[in-house]
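Student: just the structure for this:
(3 chains)
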Amino acid sequence: MSTTTAPETTEVEAPAQDWKGQSVPRKEDRRLVQGQGVFVDDVKRHGMGYIHFVRSPYAHAHITSIDVSQAEEMPGVYGTLTGEEVAALTDPFFQISSVPGANLKDYALAVGKVRYVGEAVVAVVAETRERARDASELVEIEYEPLAAITDARHAQDDGVPTIHDDAGGNLMWHGTYEWGDLDAAFAEADKIVTIDELHFHRFNSTPLECDGALVEYNRGVGQWTIHTNNQFPGFAAIMMGPAMRTGLDKLRFVTQDIGGGFGNKITSHPQLVACCLLARKLGRAVQWTEWRTDFHMSMSHGNERWFHETEVAVKSDGTLLGFRTKALDDAGAWLRYEPLGGVIWAQVTPGMYKWRNIRVDFTQVATNKAPVSPNRGYSRMQHLWFTERVIDIVAKELDIDPVEMRKRNYIKTEDMPYETPNGCVYDSGDYARMLDIGLELIDYANIDQRRLEATARGKLLGVGIGSTLDSGTNNFGQSRMINSELQFSGNNEVATVKLDIFGEIVVTLGTTPQGQGHETTAAQVVADILKCSVDDVHVRAGHDSYWNSHAGFSGTYASQFAVTGLSAVKGATDLLAAEIKKLAGAVFGGVPEEALELADGGVRIKDNPDAFLPFMACGAIINANNAGLPEDLGVTLNCRYVYRPPFEVPDIERKFGNLTLTYATQIHVAVIEIDPETGAYDIVDYAAVDDCGKRINPQIVEGQVMGATAHALGAATHEHYAYDEDGNLLTPNFYDYHVPHALDMPPLKTAATESPSPFTPLGTKGMGEGGGAGIHAICAAVQDALRGHGDAIVSDSCNPYHRVWEMLQAPAEAGGRVSVVDA
Amino acid sequence: MLLREVGYARPGSLGEAIELLAADDGARALAGGQTLINVMKARAGSPDALIDLAGIEELKGIELRADGTLEIGAMATYTELVESSEARARPIIGEVCAQIADVQVRNRGTIGGNLCTSDPTNHLPPLMAALGAQMTIAGAGGERTVPASEFFLGVYMTAVGVGEVLTKITVPAGRSDGFAAVTLGVEGTCIASAAASVNGGVTIALGCVDAVPVVLHPGSVDEDAVREAVRDANLDPPSDVHAPSSYRKHLAEVLAVRAVNQARS
Amino acid sequence: MSTVTTSRSIKVTINGTTYEREVEARKLLIHFIRDDLDLTGSHIGCDTGNCGACSVIVDGSLVKSCMLLAVQADGATVETVEGLAHGDELNKLQQAFKDHHALQCGYCTPGMLMSATALLRANPHPSEDEIKKGLQGNICRCTGYWNIFEAVKAASE
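Tutor: Sure, this is the predicted structure:
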């Protein structure tokens, strides 16, 4: 077969049955292992200018003057952009929040005031990267420093500085969620466990490639082409278009390979606007590379959250009846995707447990720290850490085995699909069975013996379980619980599958993969329907708005490709298969479609296999040899399908409704050994059990599980965006922000169960975020190891060695405060 | 990533290097560059000129003298120290160098650079202090020798002055040494470290607890004596994002004991 | 007598091709490779020499090309990821990375491959611990490393 695209050697043997379910080697890898990927920083244009952002050294200050004249006079400098220009040329970004957060005036560069260290104030463009930075040192900015707020717990105190005068204070959003009958639950309880404070720390997934863009402006048609690694172009477009006073068609987004995203590459729209303004102003392509330190200081930190005055109603046997808590979320300086975190957690309101009576008072405040935005496990991870901490704290206080505690309260497989107190529907899963598999993997049956052996070596052994959900395929209608005036609901994704003129099968997605292997799994789905090899399926790499294969929610985020993306691929391929048969029926002289089948790279008459029309002939007939075809044939062999999940608009008053379509499940079990002299600990055994319904490519699924585990273990032990009280980030690079290296990775055992989702076309569930299960497991393991050695309560999600040592030294001060009263 | 403009020269002899360094007090010697280049990338430091020592033969090589003394050229890399059969005469040197950073950094980074950087979290300042190494410094006026215990003057400050180069590290014979550290991640940056040598007397050098290594001489190798020596030092270590002062103070005692125990074993 | 200059002409042989260019003394080797020579396979993932995405082999020695000035590589022979395959045929290590799903986004992969290449040259049959130690200088944020260890092990067999 001749092709118009690059030839691809056949590397994969056809499976006996479906391509789906096979660990097909990835199509992406051939280019990536040769250094032939095209990442954003690899895109170059003649005469392009390099952007360097001048960033604020202050956490909070008025900008009293900016002088760019010296910088602009430096040889090799093309020009600059200031906040004043941005404010004149653009409107503030649309705010998702209701008031007071709705009142924020957020621009591409700081206007009049800086609100965190690292905030971009001026952009300088020059002929080389080095020269742009040289010139940025000549930009003179005078600041009038203000006191900074870095602790969310004090953001609303009397007399503290107001970060956004437009909001009239530091409160950004507040909402109360209550379901069931709290009074009855607490009346029925035998015991009430009160937990004073729990703290989920600030970190993010630090994709190895930072953000960036190369932006060209076509003056003749008024259009920007934005080569970028933004992972949610649909969102970037609706933020940028209105701000730039331009139609969305004037913003063409292009990506090929993206060096990891994990949610952190959703909110680069301010920088992209600055790039667009500069490309237009300077009449040349401009290029922005975000360096690691820039990323750490300014990009998409995960939500830091506090849980105060938590009360849990529980029966003596450990049966959970309900809880109430006050969640306090630290948004940082701007609401770039927030306050959506204020509702996203509600996708997993009861965690994995049969709690029916729940009250969460949710407050989000601004601080003088980098803005938070989605990060792998976005907002659910914080809440699931909370529910898992509650389980282990209650189990400890009631002296109930954590395994028994979970099994007693887990939602059971026979109750699936299970409607949560807030109307979400858990589609399928068998949590107790997964827990048993995890326990078996770490040889839990012999754990007492191992504990003794560790003690003999002077070590404290601890076992911890983290059981979590990875809710995927958002119903964007949940945003209306944040702001009832928003006009978002449902979700969608697009795929186009066509037979080209020489019969090539070409698949175009709307997604922006960052390592998830979309080219491969999409090909598997297509190959099964068209009865061909995955090698015959050409899936375009990346995203391009010009392909017209995207919709409002297109992108790669929030655990949904296996549902939204692959369902779109399936839908488009089903349409194409039907068209191929329709065409063949006509060519064969009126053979009904039921009498035809696809096989061996073509279509044939079932009872007469000699009557065979290869795809090449189909493509050629429709595209280049169509005289004489019936007028009403209605076949283009170019099929676009928009997958729309079955959602209703939630009930905003009751904050009730199905917020996500699928619930993948993770149960992790960690075994650690603490050196009591130093507080240092090793993870000596680890099991990750995953269920994401039907797996299209088990190897890719396992890769996501292991990667998410590494993220969680890094966050649990070292990764922390720590600030001093003046608002300086203390971990602005990989030297101080320690992510796991090869030697840090513990032994890892994985297992999978498959509970197909009844709600998705392929039985798949979105996955990959992992719910932070490893963080929960490590916290539980530390608390377990400290039993009998001070009995500290682990109340922080990050436990570096010194914190463990402090919990050993002074358990009451360093650990959480908990009380139990008989109801 | 983007350095300020800088001059560069690659002299072929030590004399030439000293001349170039003396000619401009803003010039800095460039050894392996595994710290200096990073500092310059952050524009936290901007020398006028880098005098690259890579082409100077006199600064290379590891020699073992008949009396067991090791003479290590300042430009010896960590990898060379790990792999050198001569350096095995004092096995702790290779053992510790093998824990520094990673393969890439060990291939470029040098003992001289590590010592001259005088970063309190570096491995080699306390180790050399514990081993009683002697530092040979060359300048326009000739050579002088400074004991390790006097070499480190402060954070990023050493006895090497303007127009001078650390040329050689001389380590006396001995085998009973130890090193212990608590690090940020496995074999990561030291949060606290201790090196010990019990060749004859007992010498302990503590890292990360002060601007320079704290050198102690407990009366014996007994745990109580070691702990008492550390306590008597009245350490007041810095607090930072990785550890509060109290934790470092505690670790100093624990790690001193562990380093001494390794040295005895 | 050598003199101090802020730029100089250098000659570097990369994957068999010799390049002569005038470069500023301040230019990092990685920027020379990526920006001046358009060999964009080697990547940049940090600015402190921690991530290893820019790892290349200089005169047989594995280094991070962001911690080396281009002028320091004058006269050197450099190997980068672009030199690993034999024409269209992946080498054993590249094939093993593909077979074992040792990459997701692929951004760290070029540096990881160069570290693994250096490791296997020095130690053709490394133990698991030796593989981990050989890759300690390369951060991967996608895979959790285990598939990379497996791939290197497979390539060494």
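
Student: so where do the strands sit in the stretch 151-300 of chain A?
Tutor: A:171-179, A:191-200, A:212-218, A:223-228, A:251-255, A:286-289 (DSSP state E, counting those that start in this stretch).

Student: let me fix that: chain C
Tutor: C:7-14, C:17-24, C:55-58, C:61-64, C:77-79 (DSSP state E).

Student: let me know which of these is the nearest to chain B.
Tutor: Closest approach to chain B among the strands of chain C is made by strand C:61-64 (4.6 Å; Cβ to the nearest Cβ). (C-beta placed from N, C-alpha, C; glycine too.)

Student: got the contact list for that closest one?
Tutor: Defining contact as Cβ atoms under 8 Å, 6 or more residues apart in numbering or on different chains, one finds that strand C:61-64 is touched by B:79, B:103-105, B:107-108, C:49, C:52, C:54-57, C:114-115, C:118, C:137.

Student: now for the nearest residue to C:Leu135 once chain neighbours are set aside, how many residues are close by?
Tutor: Sequence neighbours aside, A:Ala742 is the residue nearest to C:Leu135 in space, at 4.2 Å (criterion: Cβ to Cβ, 6 or more residues apart in numbering or on different chains). The tally of other residues near A:Ala742 (other Cβ atoms under 10 Å in any protein chain shown) stands at 23.

Student: same question for the one 4 residues further on.
Tutor: Under the neighbour criterion other Cβ under 10 Å, A:Pro746 is assigned a count of 19.

Student: picking up where we left off before, out of the contacts of strand C:61-64, who's nearest C:Ile30?
Tutor: C:Cys54 (4.3 Å; Cβ to Cβ).

Student: could I get the contacting residues of the residue nearest to C:Leu135?
Tutor: Contacts of A:Ala742 (Cβ under 8 Å, 6+ apart): C:131-133, C:135-136, C:138, C:145, C:148-149.

Student: can the strands of chain C go into a markdown table with extra columns for distance to B:Ile204 and mean pLDDT?
Tutor: As requested, those are exported to a markdown table (distance: least, Cβ to Cβ, whole Å; pLDDT from 0 to 100):
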| stretch | distance to B:Ile204 | mean pLDDT |
| --- | --- | --- |
| strand C:7-14 | 47 | 98 |
| strand C:17-24 | 46 | 98 |
| strand C:55-58 | 37 | 98 |
| strand C:61-64 | 34 | 98 |
| strand C:77-79 | 44 | 98 |
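
Student: okay if I get the strands of the stretch 151-300 of chain A as TSV plus mean pLDDT?
Tutor: Below are the strands of the stretch 151-300 of chain A laid out as TSV (pLDDT from 0 to 100):
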stretch	mean pLDDT
strand A:171-179	98
strand A:191-200	98
strand A:212-218	98
strand A:223-228	98
strand A:251-255	97
strand A:286-289	98
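
Student: from the ones you listed, which stretch is densest packed?
Tutor: Neighbour counts (mean count of other Cβ atoms under 10 Å in any protein chain shown) averaged over each of the strands of the stretch 151-300 of chain A peak at strand A:286-289, with a mean of 25.

Student: just checking: what are the partner strands of it?
Tutor: strand A:49-55 (parallel), strand A:212-218 (antiparallel) (DSSP bridges).

Student: close to chain C: what parts of chain B are there?
Tutor: B:1-12, B:16, B:19-20, B:24, B:27, B:30, B:33-34, B:37-38, B:40-42, B:49-52, B:54, B:79, B:101-105, B:107-108, B:187 (Cβ under 8 Å from any Cβ of the partner chain).

Student: of those, select the buried ones using a ChimeraX command.
Tutor: Selecting only the buried entries of these in ChimeraX, with 16 or more other Cβ atoms under 10 Å in any protein chain shown as the criterion:
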select /B:1,2,3,4,6,7,8,9,10,11,16,19,20,24,27,30,33,34,37,38,40,41,42,49,50,51,52,54,79,101,102,103,104,105,107,108,187
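
Student: in helices only, show me the residues of chain B next to chain C.
Tutor: B:16, B:19-20, B:37-38, B:40-41, B:79, B:103-105, B:107-108 (DSSP state H).

Student: of all pairs in the residues you listed, which one is the farthest apart?
Tutor: The span of these, defined through Cβ to Cβ, is set by B:Glu19 and B:Val103 at 35.0 Å.

Student: pretty sure A:Ala395 sits in a strand.
Tutor: No: the assignment for A:Ala395 is helix, going by DSSP: H, G, I helix; E, B strand; the rest coil, so no strand is present there.

Student: which parts of the longest helix anywhere in chain B are buried?
Tutor: When chain B is parsed with DSSP H, its longest helix is helix B:245-264. Residues of helix B:245-264 classed as buried by neighbour count (16+ other Cβ under 10 Å): B:247-263.
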